[in-house]
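[1] here's a sequence, model it:
(chains A and B)
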2 protein chains.
Amino acid sequence: MKRKIYLKMKTLAEARELFLQKFFSLCTGEEEIDCREAAGRITAHPVSARFSSPSFHGAAMDGLAVHAQDTFHASDDSPVTLDIAGGQAVPINTGHPLPRDKDAVIMIENVLMSADQGQGVIRAPVYPWQHVRKAGEDIVATELLFPTNHRIAPADLGALLTAGCPTVRVRKRPRLTIIPTGSELVNLERDDQEVPPGKTVESNSAVLAALGRQAGAEVTVSPLVADDYENIKKYLVQAVDSPTDLVVINAGSSAGSADYTVQIIEELGEVLVHGVTIMPGKPTILGAIKGKPVVGNPGYPVSAIISFEQFVLPLLAAMQGTEPEEPMQLTAQLAKDLPSRAGMEEFRRMITGRIDDHFVTVPLKKGAGAITTLTRANSILRIPAGSEGLARNTEVQVELLRPRGQIEKTILCIGSHDLTLELLHDFLKKSNPSFPLCSTHVGSLGGILAIREGMAHIAGSHLLDPESGEYNTSYLKRYLKDQKVTLITLVYRQQGFMVRPGNPKKILDVHDLVRKDVTFINRQAGSGTRVLLDYELAKAGLAADSIAGYDYEEYTHMAVAVSVLSGKADAGLGILAAARALKLDFVPVTEERYDLVIPSRFLDLPMIRQLLHIINRDDFKKAAEAMGGYSTRETGQVRV
Amino acid sequence: MKRKIYLKMKTLAEARELFLQKFFSLCTGEEEIDCREAAGRITAHPVSARFSSPSFHGAAMDGLAVHAQDTFHASDDSPVTLDIAGGQAVPINTGHPLPRDKDAVIMIENVLMSADQGQGVIRAPVYPWQHVRKAGEDIVATELLFPTNHRIAPADLGALLTAGCPTVRVRKRPRLTIIPTGSELVNLERDDQEVPPGKTVESNSAVLAALGRQAGAEVTVSPLVADDYENIKKYLVQAVDSPTDLVVINAGSSAGSADYTVQIIEELGEVLVHGVTIMPGKPTILGAIKGKPVVGNPGYPVSAIISFEQFVLPLLAAMQGTEPEEPMQLTAQLAKDLPSRAGMEEFRRMITGRIDDHFVTVPLKKGAGAITTLTRANSILRIPAGSEGLARNTEVQVELLRPRGQIEKTILCIGSHDLTLELLHDFLKKSNPSFPLCSTHVGSLGGILAIREGMAHIAGSHLLDPESGEYNTSYLKRYLKDQKVTLITLVYRQQGFMVRPGNPKKILDVHDLVRKDVTFINRQAGSGTRVLLDYELAKAGLAADSIAGYDYEEYTHMAVAVSVLSGKADAGLGILAAARALKLDFVPVTEERYDLVIPSRFLDLPMIRQLLHIINRDDFKKAAEAMGGYSTRETGQVRV
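    Numbering: from 1, shown residues only, chains lettered A, B, ... in the order given. As a prediction, this is how the structure comes out:
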């Protein structure tokens, strides 16, 4: 173990410039392939037409082929009779070649045929070349069909075949080798396989391989290599010497005691960059061995992806004579203050949705280790290195990870956490794949405040009014008096103490929490569960500061359950479904009502209508009750 | 041959509703696959986490694992020494599990280590759980990772593996069978294969197969079937009876004498729709045989694609529990009047680009037979059925066929046609794949007027001033006096008469054009070539109306060359390079200058700078001269 020192730290722009410049000329070779397999590939040369299309003058309509001069005198007053039997006019179908002596087509709709089809009467002339697809009208032999570096689209295959080019020279797919390293990692192959304690599943190579393939690369993933200098070196040499265009080694790219990558690349070749001022993604190494690009890619899953996207994807594109597609952007209003470290360009994962006539964007957690911040995000906010953060309500540009149409239909759900929201998400997506439900958990009060600020469509809330014993309504009156909102019950649910199986500390009610041998794990202030705890403590005449762990807060029922399961705490207040999910024991405290707060102006949005429709469906209620601790006896009831 | 009667004509919306409703429940089955192969696939069920992640409390930093209480008294004034040798503090690397009795990590940067690494001195406390990635922080076992109908992205593989789900149940790929039909068609397999006269290359099946695969389908293409009722029926029965989910028969979907598809589907099953009020794409059949969807897809290449996109792609998506991605749209100013047939929804292929602070969109030709209208287009304008057309300068919404970033960098080139523009296009794209050059040919004067109206970035022009003998400058003074433009010479080029090989009609100069046995093919009014012809006629004292074919106009040199080659005309005026491309003979008339007109405010746009850079490069000049009839002696010279 040593201090982390990055001797070749660069900004993103510097690092990219350095890297791409060095390897820009490394275009992969070319190959000739059947154009029917060429959709998505990139032309290595200009492609010119071999045939004209049409290759002949052909009928553009079904009708009679004629010499236009023969029709010039036709009118309503003096119809002209064309001799079909004698060949003056020739029946012709669309697409068929015009006889040599004909130069126009009369639409069949404009011909009165004789009974034996031997004659046709017309009442209007046609001009020369009318309804004729002239030879070369679409494509002229020798003309440029596609320039070099053109990405071939499905429709392009039509032009290639029509123009006589059934094969096409395209860039070869670049070959990418990924070497996963890490003594703490194990491969996971089976659905019933367990992971030894202290070990983590190796997952980055699968993600990077999929990203590489999506970018057109042929990907090889090496076996998982333990953190051992000689061993990693051996695999790296093997990879560089294999027929590959680009090697990515993941991870060991930092400067910790078991981070050998930088020394190995230094020993075998050259380190261009070590450390980039981006977050996540700082511990990135860009280097070269025997003229081949070698990237030391960071180990945290989000860092690995962002570093790969910033350096590997542009190089893979350049090798194929193209550039990565720029992400779609849109302007959104930032829902929270967002502090950021000056000197680092930050990639924050965001959930963006449309509220009224503008977009709102909500940050997810920062952690580079949390892959779900990326799988749940639908957008990325890049905070420039010069910024120390952004204030709430700032207009920001976010880069979209999903089609804009889906962002527009996203339901922003902020507030208290409940497991039936996951169920709702699944039912919604099953009923209409374009309606995503994105939840962030900030507690009941946080949700109500987000509704007040116009930052969410719906908020889950279970705030008990200690005076009246009623749920939610008094809070709406206090905080949402300026807008018309609808309050709809989602479920009743059991709250109680979650304890380890067998209840080893014998926690039976709220009085046990103040015992010296009991450590508690709390929910954050403003959460309905916290309000409930404080209510129960007050009822029992107990002081909060007499409870060990009262100040340790988590944001979800499941996080509280994990704290108990892992031994960090002995008890936490939460819902039965969470205890059951992690096989904890549960000591009931009370049943409470969990409602959805929805500004009434949103009730007619298609996705909200669909959501309310689902809540009232029997299959949804049945599935909710099956989770345990839920009653749907008043589900769907409108309270306010 | 009979009149075309569509008995079951529907609007697009009606037809789609009818079709999707009928087959909506036809979800394809599901299969369990390795999640490493699952990127792009759609979940068939909700996926829940089997493991928490992290599965243990682990170090989030390299440093020392400690019990936080041991550090509480550390400060600058009274540093605390931690006993590493005795286990009070334990060196730990990022990602590794925290020892059972430890609850925080001190960053290595904040520790002063003793020489033997047996002790570490700290000057600040850490709080409990600082720099610890707590178990379940990212994923809690049992939580919903992905709902049903979720399209799996590369990052999602990380979540699946980490959460212990190496296999995943996804929707099976729908199986699509395409039957190409048409007696006039031939398959093209080899690059040197010729096509018999009157025959056309079958290309639609390749395009539709590629579109189908892009939409996730497994595609089978049947052998090419001749237009014969029993034969088509046999293949259709075979296809429906095979393990397929959807059959597309292309074409024969119209109502001509050889269009059997509708009768065959009627005989074997049910026709839901015949004829849709869209253009292109009208002759579409939607039907069902033995409960399977069968689509009769029109034969013209653009019609085939648009019909497929409107009906087959949404069904393929629905079968997989998803929806087609909505195309990106933008608002653009229409560059031309666009008449349209009321009662038909029209899909016009457009070239869109950015001029100053707005987008401009230029229509390509209408013809459904011209595949290049789709391969050259970067956008589609949908004109609603209710409209009789749109006026120039109207703001319209166009749907993008290319990434918006590329549209923004598109060079709109309108004006005279010259073959070196194709060369320029290739050089430009080779130097920077994001800079497309889109040319439309409206003649020199048309180009200058487009520049005046702010509808183009550059215009090619070779307008001779008969008074002064100068090129272009007097026209700029007349038409572009209100803006500052730059005139740059692209090439000098030979203009002359293109005639069939051997010059059978012995055309030696302009006097031969008035001969009774000679038919001419002209260029459109406003083109520089037309101005040149009229100048030559005036010089020779010849009257335009004494020339047969003076009124038959084409818009490009190549179209004129094709007219001569195909025998439609005996001579046309054009450039040597066009004659040479089609192996015609060439009778020189004069050498002329061909310039680019560029509003000076565009000279600093990156793509225009790149274009001017290329024009001045030797390799470009060399390639231009190699085309024949070009001199680059003043290429790149600024005239005005």
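[2] dump stretch A:461-474 to CSV, restricted to CA.
    Provided in CSV are the C-alpha atoms of stretch A:461-474 (Å, rounded to 0.1, in the frame of the first residue of the first chain):
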residue,chain,number,x,y,z
SER,A,461,-46.4,9.5,1.9
HIS,A,462,-47.3,8.0,5.3
LEU,A,463,-47.0,11.0,7.6
LEU,A,464,-48.9,10.5,10.9
ASP,A,465,-50.3,13.6,12.5
PRO,A,466,-49.7,12.9,16.2
GLU,A,467,-52.5,15.2,17.2
SER,A,468,-55.3,13.7,15.1
GLY,A,469,-54.0,10.2,14.5
GLU,A,470,-54.8,10.9,10.8
TYR,A,471,-52.4,10.3,7.9
ASN,A,472,-51.1,12.9,5.4
THR,A,473,-54.1,15.2,5.2
SER,A,474,-52.9,17.8,7.8
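[3] now it: buried residues?
    For stretch A:461-474, the neighbour count (16 or more other C-beta atoms under 10 Å in any protein chain shown) marks A:Ser461, A:His462, A:Leu463, A:Leu464, A:Asp465, A:Tyr471, A:Asn472 as buried. All C-beta atoms are positioned from the backbone trio N, CA, C, and that covers glycine.
[4] can you tell me which of these is nearest chain B?
    Of all these, chain B sits closest to A:His462, with 19.5 Å by C-beta to the nearest C-beta.
[5] is any part of stretch A:511-528 close to chain B?
    No - figure legend: stretch A:511-528 not in contact with chain B (C-beta under 8 Å from any C-beta of the partner chain); closest approach 10.6 Å.
[6] close to chain B: what parts of the stretch 251-400 of chain A are there?
    Going by C-beta under 8 Å from any C-beta, the residues of the stretch 251-400 of chain A near chain B are A:254, A:256-258, A:299, A:301, A:305, A:321-323, A:325-326, A:328, A:367, A:369-372, A:374-375.
[7] count the neighbours of A:Gly29 for me.
    By the criterion of other C-beta atoms under 10 Å in any protein chain shown, A:Gly29 has 10 neighbours.
[8] now do the contacts for it.
    A:Arg171, A:Lys172 (C-beta atoms under 8 Å, 6 or more residues apart in numbering or on different chains).
[9] for B:Asp241, see how far away it is.
    Using C-beta to C-beta, to the nearest Å, A:Gly29 is found at 45 Å from B:Asp241.
[10] on that earlier part again, of the residues of the stretch 251-400 of chain A next to chain B, just the buried ones, PyMOL syntax please.
    Buried residues within those, by 16+ other C-beta under 10 Å, are selected in PyMOL with:
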select buried, chain A and resi 254+256+258+299+301+305+321+322+323+325+328+367+369+370+371+372+374+375
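[11] show me the residues of the stretch 251-400 of chain A next to chain B that map onto helices.
    Of these, the ones assigned to helices by DSSP state H are A:Pro301, A:Ile305, A:Thr372, A:Leu374, A:Thr375.
[12] where are the low-confidence patches of chain A?
    Counting by pLDDT under 70, the ranges of chain A that qualify are A:1-4, A:255-258.
[13] so which residue of it lies furthest out from the middle?
    A:Ser78 (68.9 Å; C-alpha atoms, centre = their mean).
[14] which SS class is that one?
    Here A:Ser78 takes the coil state, with states given by DSSP: H, G, I helix; E, B strand; the rest coil.
[15] quick check: it vs B:Asp228, distance?
    According to C-beta to C-beta, A:Ser78 and B:Asp228 sit 41 Å apart.
[16] what does A:Gln117 give?
    Relative to B:Asp228, A:Gln117 is positioned 21 Å away (C-beta to C-beta).
[17] how about A:Glu32?
    A:Glu32 is 36 Å from B:Asp228, by C-beta to C-beta.
[18] and for A:Glu31?
    A:Glu31 sits 39 Å away from B:Asp228, going by C-beta to C-beta.
[19] now do A:Met455
    Taking C-beta to C-beta, one finds A:Met455 at 65 Å from B:Asp228.
[20] what's the answer for A:Ser416, then?
    According to C-beta to C-beta, A:Ser416 stands 68 Å off from B:Asp228.
[21] more neighbours: the two, which one.
    With neighbours defined as other C-beta under 10 Å, A:Ser416 and B:Asp228 compare such that A:Ser416 has more, 30 against 13.
[22] what segments of the stretch 101-250 of chain A are helices?
    Ranges of helices in the stretch 101-250 of chain A, per DSSP state H, counting those that start in this stretch, are A:154-162, A:204-214, A:229-241.
[23] these: which one's closest to B:Ile351?
    Nearest to B:Ile351 among the helices of the stretch 101-250 of chain A is helix A:154-162 (14.7 Å), distances taken as C-beta to C-beta.
[24] touching chain B at all, the closest one?
    Yes - residues of helix A:154-162 are located near chain B by C-beta under 8 Å from any C-beta, namely A:Pro154, A:Ala155, A:Asp156, A:Leu157, A:Gly158, A:Ala159, A:Leu160, A:Leu161, A:Thr162.
[25] show me what contacts the first one?
    Read it as A:Pro154. For A:Pro154, counting by C-beta under 8 Å, 6+ apart, the contacting residues are A:Ala39, B:Val207, B:Leu208, B:Ala210, B:Leu211, B:Gln214, B:Ile305.
[26] understood, closing this out.
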